[in-house]
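Engineer: got a structure for you, letters missing:
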Ligand SMILES: C[C@](O)(CO)[C@H](O)COP(=O)(O)OP(=O)(O)OC[C@H]1O[C@@H](n2ccc(N)nc2=O)[C@H](O)[C@@H]1O
Ligand SMILES: Nc1ncnc2c1ncn2[C@@H]1O[C@H](COP(=O)(O)OP(=O)(O)OP(=O)(O)O)[C@@H](O)[C@H]1O
């Protein structure tokens, strides 16, 4: 086979504005009611097809390992900065599954530049995997005579859900050309109802130099007797209901706080920063609070960098569209 061109994109992170546990399933997963929003804190991913079988993945930190280590106040070789390059990386798993499913020969060369911290509840690995599926699909389409394009909308969400519960969200709404930033998700997170925000959402995110295991947080959670619903929040985000009327919720915040002592300082600092609606995202450890404007978010982030006790990545962010644009070179 011939090599393909390079396909690249910038996988975004996500915040869970709402997360409620509805039930514990027999397969060990939990039924959720969650609202996810994509934000412009992004990794960079490049993929091309090669004649050599397998996935050759190289990973680096976009800002430089030393610079991230300095912000986190850890050494360059600290485990927080380790990103797997073997099949523990969801990008490798995604491309291997695509190769099998499309019965492709040859393999892949992949470059991943990280910005999104791992074990943060920001879905970085899941977003990288969704992007790898999209880029891999386009590259395979270029270099193969097979006409598998009509199957894309059916096959990619199935492969994505196999790789992880958060992965389908990052594919966006494949059947439409609509710009969407947000989804209400049920099932284990893979049943998605996408929608458009009435107004961009600004926030400040703190990743407090601590990685939390998603499986461990779920193993310490409790399903409430009377679960809350995200419907009011979804209507507020769509502009159908007054924005002042919504509140955020995360049923994983309590168990995650019990597992990591770094979450409480992040929540405390955010709640004192003149922002609103402060919460942890996903299974943590990152926390966020909403701002009225990009200017307010930028000023609050700057202040928090000098007041937060200990190392942390602190960023002003804004909602963005899923999926991210693909570039070909
Ligand atoms: C916390 C969230 O990020 C919120 O969006 C997701 O629910 C987690 O999604 P994810 O990281 O893609 O998680 P997966 O890789 O699918 O699952 C990791 C582990 O988390 C637990 N898990 C995950 C999703 C879910 N709905 N219920 C669960 O109990 C299971 O123990 C599972 O073995
Ligand atoms: N592409 C990747 N980038 C970063 N970490 C990865 C990647 N693929 C696999 N991993 C591994 O996955 C684990 C969790 O990464 P991830 O960033 O998805 O977790 P998370 O922040 O808890 O996100 P989520 O919201 O999906 O729970 C880490 O232990 C990391 O080593």
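Structural biologist: Yep, it's here. These numbers were taken from a predicted model, which means no experiment stands behind them. Ligands and ions are numbered 1, 2, ... in the order given.
Engineer: Ignoring the adjacent residues along the chain, who's closest to the residue in the stretch 1-150 of the chain positioned nearest to ligand 2?
Structural biologist: Closest contact between the stretch 1-150 of the chain and ligand 2, by Cβ to the nearest ligand atom, is at residue 125 (3.1 Å). Where you see a C-beta, it was placed from the backbone N, CA and C, and this is true even at glycine. Spatial nearest neighbour of residue 125, excluding adjacent residues (Cβ to Cβ, 6 or more residues apart in numbering): residue 90 at 4.6 Å.
Engineer: what about the one you found, distance to residue 258?
Structural biologist: Distance, residue 90 to residue 258, by Cβ to Cβ, to the nearest Å: 27 Å.
Engineer: Repeat that for residue 35.
Structural biologist: Applying Cβ to Cβ to residue 35 and residue 258 gives a distance of 24 Å.
Engineer: Likewise for residue 138?
Structural biologist: On the measure of Cβ to Cβ, residue 138 and residue 258 end up 43 Å apart.
Engineer: more crowded one of the two?
Structural biologist: Taking neighbours as other Cβ atoms under 10 Å, residue 138 and residue 258 compare with residue 138 leading, 19 against 11.
Engineer: so when I look at that one, I'm seeing a helix, right?
Structural biologist: Yes: under DSSP: H, G, I helix; E, B strand; the rest coil, residue 138 falls within a helix.
Engineer: list the contacts for it?
Structural biologist: By Cβ atoms under 8 Å, 6 or more residues apart in numbering, the contact list for residue 138 reads 7, 326, 328.
Engineer: and the first one, what does it touch?
Structural biologist: Think residue 7. 46-48, 135-136, 138-139, 326-328.
Engineer: biggest separation within these, which pair?
Structural biologist: Spatially, the most separated pair among the contacts of residue 7 is 136 and 327, at 14.9 Å (Cβ to Cβ).
Engineer: Stretch 307-324 spans what distance, first to last residue?
Structural biologist: One end of stretch 307-324 to the other measures 33 Å (Cα to Cα, to the nearest Å).
Engineer: related to what we said a few turns ago, export the contacts of residue 7 to TSV and append columns for distance to ligand 1 and pLDDT.
Structural biologist: Output for the contacts of residue 7, formatted as TSV (distance: Cβ to the nearest ligand atom, whole Å; pLDDT from 0 to 100):
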residue	distance to ligand 1	pLDDT
46	23	98
47	21	98
48	26	97
135	19	98
136	19	97
138	23	94
139	24	95
326	22	97
327	26	98
328	28	97
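Engineer: Which of the residues you listed are buried, as a ChimeraX select command?
Structural biologist: To isolate the buried members of the contacts of residue 7 in ChimeraX, using 16 or more other Cβ atoms under 10 Å:
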select :46,47,48,135,136,138,139,326
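Engineer: for the contacts of residue 7, which one is nearest residue 298?
Structural biologist: Looking across those and measuring by Cβ to Cβ, the closest to residue 298 is residue 327, at 27.2 Å.
Engineer: Find the nearest non-adjacent residue to the closest one, please.
Structural biologist: Nearest residue to residue 327, sequence neighbours excluded (Cβ to Cβ, 6+ apart): residue 8, at 5.0 Å.
Engineer: Pairing partners for the host helix or strand of that neighbour, with directions?
Structural biologist: Here residue 8, judged by DSSP states H and E, is contained in strand 7-9. Sheet pairing here is set by DSSP bridges, and for strand 7-9 it gives strand 44-50 (antiparallel), strand 327-328 (antiparallel).
Engineer: is ligand 2 contacted by the longest one?
Structural biologist: No: using Cβ under 6 Å from any ligand atom, no contact is recorded between strand 44-50 and ligand 2, whose separation bottoms out at 8.5 Å.
Engineer: for the residue positioned nearest the centre of the chain, what are its contacts?
Structural biologist: The residue lying closest to the centre of the chain (Cα atoms, centre = their mean) is residue 123, at 2.6 Å. Each residue near residue 123 by Cβ under 8 Å, 6+ apart is listed here: 13-14, 36, 116, 166, 169-170, 282.
Engineer: same thing but at 7 Å, please
Structural biologist: Counting by Cβ atoms under 7 Å, 6 or more residues apart in numbering, residue 123 makes contact with 13-14, 166, 170, 282.
Engineer: These also near ligand 2: which ones?
Structural biologist: Restricting these to those near ligand 2 by Cβ under 6 Å from any ligand atom leaves 166, 282.
Engineer: Using ChimeraX, define a selection of the buried residues within the contacts of residue 123.
Structural biologist: To isolate the buried subset of those in ChimeraX, counting by 16+ other Cβ under 10 Å, use the following:
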select :13,14,166,170,282
